[in-house]
Every structure is written in structure tokens, then in C-alpha cells.
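Novice: Please work out how this folds:
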Amino acid sequence: MKRIIIITLSLVSILAVNAQEESGFGIKFSGFVKNDFFWDSRQTVAAREGHFLLWPAQVREDPNGNDINGKSNFNFLALQSRLSVKLSGPDAFGAKTSGLIEGDFFAQSNLNVNLFRLRHAFVKLNWEHLEIMAGQYWNPLFVTSCFPGTVSFNTGTPLQSFARNPQLRATYKTGGFSIVAAALSQRDYTTIGELGPSSRYLRNSAIPDMHLQVHYGSSNEEGMNILAGIGAAYKTIVPRLSSTPIPEVSYSVNEKVGGLTAMGFAKLSTKPITAKLQVRYGENISDVLGISGYGITGVVDVTTGERSYTPLKSMTFWAEVHTNGNPQVGIFGGLTRNNGSKEQLSTTTVYGLGTSIRSLYRIAPRVIYNVGKVRVAMELEYTNAAYGSNHDSFYIPSETTNADNLRVLAAIYYFF
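Specialist: Presented below is the predicted three-dimensional model:
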């Protein structure tokens, strides 16, 4: 099977070179093989058999006072290995054209770990000042020019917004400024609601998740580069279409929840070091793996059971500094705080991600060394989460107990 794949890729590459020479069409393969080896000091809340770490599991004591989640664990995984296919072709509409298809073996859930899944798939049209992109790509809150360079695949999540979305994006560049506008749907990363994680809540609103950002960058002859930007996003979800899931005893309801997210970032690059930072305010951002959600403020129609809602909000800050040589030495750190709901809640039921966490912080130093196409990296990732056993009417967790985890992570890459 391996021989067949190698032969097939070789033939495709040969045909691609010939096609590029004859018609301007081009295709280029790239990617890497990555193996992660990690050990955690306690049980964690994570995806893909512990690979994508979010935070330590809360303290859970048995009748003898022993923490059931205090057990350490380890795993070895290669599912982050990646394959990218970059495409180029003749101009269209007076614009340069390109495309990309990228996948890895991370799958969509623990049920199909190791299966190939789609990461990115988009088409780009580039004019002198304008770029139009259509397809699946990073959520604009994940700024690709300023994000944590951690060894861990979580890339700083939940401190860093993390999601890839089908979208239509326009970027206008002039005089060092970039204006980014985008309309998004949801796919693998979705809002958490009464029926669990699903894209239906956003789809039923009939309005895409809307984003607008302004970036500014400058550089000088001494090798100093400065990049900064601000942005905002707003989405509306529909929690339910009917008052109960049983049609015979259900009423149609008109329910919505709005959520505003704002962020700012800055990056300074010099020859010896690079420094980055970002601050984010988020409402109902479980779809970008943020500590957030929404709750019920009351019943607006006792006959139909129609409810009113309000989003849960959080404030997050992260920063990173690393050297630019080989080896690269760096450290990432950040803090997020759950600030509860915008309005007073009428029930104790909320929907979202990490809503019982009052605050969370993380410190992660790393060392990365490159030799040719091989990279060896190591990272220590310490995460502390304060879980609340109680909460007030704004669902701010109280009577907190800290749970902390130390992850020791080693990784080896081979790039091609």
C-alpha cells in the first residue's frame, strides 16, 4: 500500500510539473511527520486521547478524601502528521489564482482517531490591493501572523482562539494597513447548546458569524518589524426552534442569543527576539474553545415556553517571547477569567465550555532545535484552573478549588 501511495504521488508530481510548463498550472506537496510524547501529572480535559490539552480535570474526592483525578498518565501519538497540496493556475478576472487543500490524521472525535480529516480547503484571488478567499481556513480571531508558537498542538488554547471555519473573506491592503472582513459558518468547531455541540444554532439564525479587523505593519532596515491590530466579531445563535423536542406537545418559539467578541494584538520582531501579545473579550465563544457560553434569563411566554437568554463573558490575555536563532528558546504565558453572564440568570442551567472555571492561567517554556529537515522540541506546560463549587445569579463561580497539571512534552518532526 505504501509503495502504491509513493508511486501515485510521484506520478502526480511529474504530471504537475509538465502541466505547469504547458499551461501555467502548478501543484506542490508539503507537510510533515510529527510524533508527540507527553506525560501529564493528573487527568485532563482534552481531545483525541489527551493530545489536545485544554485544562486539568477538577478535583474529585472519594469518601476517603483521595482525588480520583489526581492520577498521572502518558501517551505517544503521531496523528498531527500533515499533508498539504498547494495549487496555482492561470489568472482569472485579472487576479492571480491559487488554492490549498490540507489534511491530517487528527480526525473529528475520539471515535475515529487516526483517520484523515480536512483542515484547510480554499481558493484565493489576488489583485494588487485586494484578496478574496473562499473556503475553510482559520477563524479570523486566530491571527496567523501573531499566534503562540508552542510545541503543544493546542497553540495556547483556551487562551488563544482556536477554530477553522468555512468562510468568505476579503482583505484590502494599502500603505501598511490591512482591512479584513469575513463571514463565517461553523463545521468542526461549533457552539455548545442544549443539544450539545452543533452548527445548527448558528445556521438557524440565518446570519453568518461576522468579523472585521484592521492590521498595521511596518519594518526598517535594521530588521525590526512591528505588527498590531484590532478586531471585532458578532454572531447570533438560535438555541431552540420549539419549546420541547416532542412535536405533539411543543410550540414554535423565536429565541436568539447575540455575542460580541473583541480583540487586540501586537508583535515585535527583531533579529535576536520576537515578542507577541493578545487581549480578548469574548461572549459565547465556546465555538473557538474559549471558556464561555450562555444562560437563561427568563420565560417570555408562559404558554409557548419561549425563553430569553444572555451570553456568558470572559476576558483573556496572553504573551510570548522567543529567540530567533537555532535553537529557539521561548516562553508562553496567559490568563483567562470567567466574568459570568451579562444579565442575571433565572435558572442554574447554562450551556457552554468550562463554565465552572473561575480563572485559568498557563506558563509554558520551550526549546526547539532544527537540523536540516528534522526538528526536535521539548516543552513544559503548567496549567492551573480554579473550579467553583458554587455560583451567584450571574453564574460567576465561587468557593473555588485549584486543580493544576504539568505536561512534559517532547516532539520530533520531519518536514518535506
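Novice: Bridging across strands, which residues link to residue 44?
Specialist: residue 56 (DSSP bridges).
Novice: Name the helix or strand of the chain that has the lowest mean pLDDT.
Specialist: Lowest by mean pLDDT, DSSP states H and E among the helices and strands of the chain is helix 2-23, with a mean of 47.
Novice: The next helix or strand after that one packs against which elements?
Specialist: Per DSSP states H and E, the first helix or strand lying C-terminal to helix 2-23 is strand 26-40. The contact analysis (3 or more Cβ pairs under 8 Å, 6 or more residues apart in numbering; DSSP states H and E) places strand 26-40 against helix 2-23, strand 73-77, strand 82-92, strand 397-415. Heads up, the C-betas are built off the backbone N, CA and C, glycines and all.
Novice: shaky segments in the stretch 151-300 of the chain?
Specialist: For the stretch 151-300 of the chain, applying pLDDT under 70 flags the ranges 247-248.
Novice: just the strands in it please.
Specialist: 164-174, 177-184, 191-193, 196-198, 209-219, 225-237, 257-269, 273-283, 292-301 (DSSP state E, counting those that start in this stretch).
Novice: tell me which residues of the second one are tucked away?
Specialist: The one in question is strand 177-184. For strand 177-184, burial by neighbour count (16 or more other Cβ atoms under 10 Å) applies to 178, 180, 182, 184.
Novice: So the first one is in contact with residue 170, correct?
Specialist: What that stands for is residue 178. No: contact criterion Cβ atoms under 8 Å: residue 178 and residue 170 do not qualify, at 10.7 Å.
Novice: show me what contacts residue 322?
Specialist: Shown in contact with residue 322 (Cβ atoms under 8 Å, 6 or more residues apart in numbering): 149, 273, 274, 328, 329, 330, 331, 366.
Novice: Mind picking the two most distant members of those residues?
Specialist: Using Cβ to Cβ, the contacts of residue 322 span at most 14.2 Å, a distance reached by 273 and 366.
Novice: Give me the more crowded residue out of those two.
Specialist: residue 366 (24 against 14; other Cβ atoms under 10 Å).
Novice: can you pull the contacts of residue 81?
Specialist: 31, 32, 33, 34, 104, 105.
Novice: In PyMOL, how would I select the buried members of these?
Specialist: To isolate the buried ones among those in PyMOL, judged by 16+ other Cβ under 10 Å, type:
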select buried, resi 31+32+34+104+105
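Novice: can you redo the contacts of residue 81 as JSON lines with distance to residue 222 and pLDDT?
Specialist: Converted to JSON lines, these look like this (distance: Cβ to Cβ, whole Å; pLDDT from 0 to 100):
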{"residue": "31", "distance to residue 222": "35", "pLDDT": "97"}
{"residue": "32", "distance to residue 222": "33", "pLDDT": "98"}
{"residue": "33", "distance to residue 222": "38", "pLDDT": "98"}
{"residue": "34", "distance to residue 222": "35", "pLDDT": "97"}
{"residue": "104", "distance to residue 222": "38", "pLDDT": "96"}
{"residue": "105", "distance to residue 222": "43", "pLDDT": "95"}
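Novice: farthest pair in the contacts of residue 81?
Specialist: Across the contacts of residue 81, the longest distance by Cβ to Cβ is 11.9 Å; it joins 32 and 105.
Novice: circling back: nearest to residue 109 among the strands of the stretch 151-300 of the chain would be which one?
Specialist: strand 196-198 (10.1 Å).
Novice: what does the closest one contact?
Specialist: 190, 191, 286.
Novice: which one of those residues sits closest to residue 382?
Specialist: residue 286 (24.1 Å).
Novice: show me the contacts for the closest one.
Specialist: When contacts are counted by Cβ under 8 Å, 6+ apart, residue 286 touches 191, 192, 197, 292, 293, 352, 353.
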